[in-house]
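sequence and computational prediction follow.
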Amino acid sequence: MKISVIGTGYVGLVSGVCFAEKGYQVICVDIDQDKINKINQGIPPIYEQRLEELLKKNIHKNLLATTDLNKAIKDTDISLIAVGTPFDGKEIDLRYIKKVSHQIGSVLRDKRTYHVVVVKSTVVPGTTEEVVLPILEKSSEKKAGIDFGLGMTPEFLKEGEAVQDFMYPDRIVIGGINAKTLDLLSELYSVFPEVDILKTNCKTAEMIKYAANSLLATMISFANEMANLCAVSGNVDIVEVMKGVYLDKRLTPINNDSSRIVPSFTTYLEAGCGFGGSCFPKDIQAISAYGAKLGNSMHLLQAVLDVNKQQPYQMLNLFKKNFHPPQGVKVAVLGLAFKPGTDDIRESPSIPIIQSLLEMKCIVQAYDPVANSKAEIIFLTNQITFCETLKEALTNVQAIFIMTKWQEFRKIPELLVEMNSSPLVIDGRRIIDKNSVASYEGIGLSK
């Protein structure tokens, strides 16, 4: 079985590289020639742990990248659509989905063998059958379910851990318009023999993706709302509060030896400065808009978004409490990516923080282990100083904003001791001990 993957963003490239690693012949397709050239040279255009290693291992063996969509479709059995679906403020923008569907359909018109088209992009329920299907049928002049298959398989890849999540999935959801499509997709995913596979229709598969992301985002905003309450209560720390919550054995079951099982979902119940990235903000907005369009207002999810939008500014409040007036204060912003393990700065809480600091006439220097170059696109180097090392970023500053949970930032206390420096540390991820530095403020901590 040969696979073509249209779109080489986080989902498309990771999927293509990992399917190649699983032994499939894969062709990745993109309209960006520079991106294609990099991929064929073994250079991933995005940062993901282990991605470069697997790309170099498989490129020109099981994997090829091209701008030639026609040939890619003709030479493969299954095509995965993994193009972007941005939210335009009212609904998700399907222009790329529609364009690719038309192009695939045009190729299928002259293809004699049965071909399966699979939507892997995150799309609101109904998109695969109500948008993609008619475009494919019109462009191909063929009948879906008879002349070609159509399915939807949502991705559950965490940026920063996407390769690990793909290679060792906890579940696989397959949606299809008929039994033949479901059978072929089951064969595609048979390389994951120990994994639970849920077979369903396309619309349900689409909804599962949104429900999963909505739950996780809700957990984050719940933890943050409780943290904000703790902050104004006096002598309460959200870290200790959530430890008490986790001791509920329904959340952390107790083994026979009395040890605790700590599920990974508890990380979504850790207070912080808000979620970002290409998925949660966009997806929660999109499913809320979808619900409103159907006359079903999503009150809870709207509250999730409202809490998240305001969360970075909790850190600014802590800053202004200690520095008044704030102008001229030299500040280090640590972490530009929205989470560790990736260089993705989309919807990163660091962006509004830096913008606000600049508006207050602060002197800003920033550091991220992998995302500096992405941030330089947004902030000019004459606005802020981008540092090459953590130690450089800490030099001669009066305040430190910890924005991303990079493991490296846990070394801040020892570095400050070494540098004989005692700036205010504003911990937006609660990753260092509140007693480990001379001056500390943290999300969800009242004094």
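Nice, thanks for sending it over.

strands of the stretch 301-447 of the chain, start to end?
330-334, 363-367, 385-386, 399-402, 424-427, 439-442 (DSSP state E, counting those that start in this stretch).

with distance to Lys99 added, can I get those strands in TSV?
All C-beta atoms are positioned from the backbone trio N, CA, C, and that covers glycine. As requested, those are arranged in TSV below (distance: least, Cβ to Cβ, whole Å):
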stretch	distance to Lys99
strand 330-334	38
strand 363-367	37
strand 385-386	36
strand 399-402	41
strand 424-427	45
strand 439-442	47
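
now tabulate those strands in a markdown table and tack on mean pLDDT and mean neighbour count.
Output for these, formatted as a markdown table (pLDDT from 0 to 100; neighbours: other Cβ atoms under 10 Å):
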| stretch | mean pLDDT | mean neighbour count |
| --- | --- | --- |
| strand 330-334 | 98 | 25 |
| strand 363-367 | 97 | 22 |
| strand 385-386 | 96 | 17 |
| strand 399-402 | 98 | 25 |
| strand 424-427 | 98 | 25 |
| strand 439-442 | 98 | 20 |
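
could you list the low-pLDDT ranges of the protein?
Judged by pLDDT under 70, the chain has no weakly predicted residues.

quick one, what contacts Val236?
Residues counted as contacts of Val236 (Cβ atoms under 8 Å, 6 or more residues apart in numbering) are 230, 446.

what about it, distance to Lys447?
10 Å (Cβ to Cβ, to the nearest Å).

with Val370 instead?
Note on Val370: its distance to Lys447, by Cβ to Cβ, is 34 Å.

and those two? which has more neighbours close in?
Val370 (17 against 10; other Cβ atoms under 10 Å).

could you report the neighbour count for the nearest residue to Gln327 once chain neighbours are set aside?
Excluding the flanking residues, the one nearest Gln327 by Cβ to Cβ, 6 or more residues apart in numbering is Lys361, at 3.7 Å. By other Cβ under 10 Å, 11 other residues sit near Lys361.

also Asn224?
The tally of other residues near Asn224 (other Cβ under 10 Å) stands at 26.

same check, this time on the one 3 residues further on
In terms of burial, Ala227 registers 27 neighbours under the definition other Cβ under 10 Å.

next one: the one 10 residues further on
By the measure other Cβ under 10 Å, the count of residues near Asp237 is 20.

next one: Ser278
20.

for the residue nearest to it when sequence neighbours are not counted, what are its contacts?
Residue nearest to Ser278 in three dimensions, not counting chain neighbours: Arg346, with 4.9 Å by Cβ to Cβ, 6+ apart. By Cβ under 8 Å, 6+ apart, the contact set of Arg346 is 276-278, 338.

let's see which of these end up in strands.
Among these, no residue falls in strands (DSSP state E).

please pick the buried ones from those.
Neighbour-count burial (16 or more other Cβ atoms under 10 Å) is assigned, among these, to 276-278, 338.

which residues does Pro253 contact?
By Cβ under 8 Å, 6+ apart, the contact list for Pro253 reads 260-261.

Leu133 too?
144, 150, 177.

where does Leu64 sit: helix, strand or coil?
Put simply, Leu64 is strand when judged by DSSP: H, G, I helix; E, B strand; the rest coil.

now it. Nearest residue, chain neighbours left out?
Nearest residue to Leu64 in three dimensions, chain neighbours excluded: Ile27, at 5.2 Å (Cβ to Cβ, 6+ apart).

how about that neighbour, secondary structure?
Per three-state DSSP, the local secondary structure of Ile27 is strand.

and the helices in the stretch 1-150 of the chain?
Remark: helices assigned in the stretch 1-150 of the chain by DSSP state H, counting those that start in this stretch are 10-21, 33-40, 51-58, 69-74, 95-108, 127, 133-140.

how close does Met1 sit to Leu64?
Applying Cβ to Cβ, the value for Met1 to Leu64 is 16 Å.

so those two - more neighbours on which side?
Leu64 (21 against 15).

what's near enough to touch Asn322?
399, 424, 439, 441 are the contacts of Asn322 under Cβ under 8 Å, 6+ apart.

try 7 Å
Applying Cβ atoms under 7 Å, 6 or more residues apart in numbering, we find Asn322 in contact with Leu424.

please apply the same query to the one 5 residues further on.
Counting by Cβ under 7 Å, 6+ apart, Gln327 touches 360-362.

contacting residues for Ile400?
Applying Cβ under 7 Å, 6+ apart, we find Ile400 in contact with 332, 334, 394, 412, 423, 425-426.

turn these into a markdown table, including distance to Glu91.
Shown next, in a markdown table, are the contacts of Ile400 (distance: Cβ to Cβ, whole Å):
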| residue | distance to Glu91 |
| --- | --- |
| Ala332 | 39 |
| Leu334 | 36 |
| Leu394 | 44 |
| Ile412 | 42 |
| Pro423 | 45 |
| Val425 | 41 |
| Ile426 | 37 |
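
who wins on neighbours among the contacts of Leu133?
Result: Leu150 is most packed of those (other Cβ under 10 Å), 24 neighbours.

that older thread, of all the helices of the stretch 1-150 of the chain, which one is nearest Pro169?
Minimum separation from Pro169 across these (Cβ to Cβ) falls at helix 10-21, 10.0 Å.

show me what that closest one is packed against.
If contacts are counted by 3 or more Cβ pairs under 7 Å, 6 or more residues apart in numbering; DSSP states H and E, helix 10-21 sits against strand 2-6, strand 25-29, helix 51-58, strand 63-66, helix 162-167.

dump these into JSON lines; add distance to Ser221 as well.
Shown next, in JSON lines, are the helices and strands packed on helix 10-21 (distance: least, Cβ to Cβ, whole Å):
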{"stretch": "strand 2-6", "distance to Ser221": "33"}
{"stretch": "strand 25-29", "distance to Ser221": "35"}
{"stretch": "helix 51-58", "distance to Ser221": "30"}
{"stretch": "strand 63-66", "distance to Ser221": "38"}
{"stretch": "helix 162-167", "distance to Ser221": "23"}
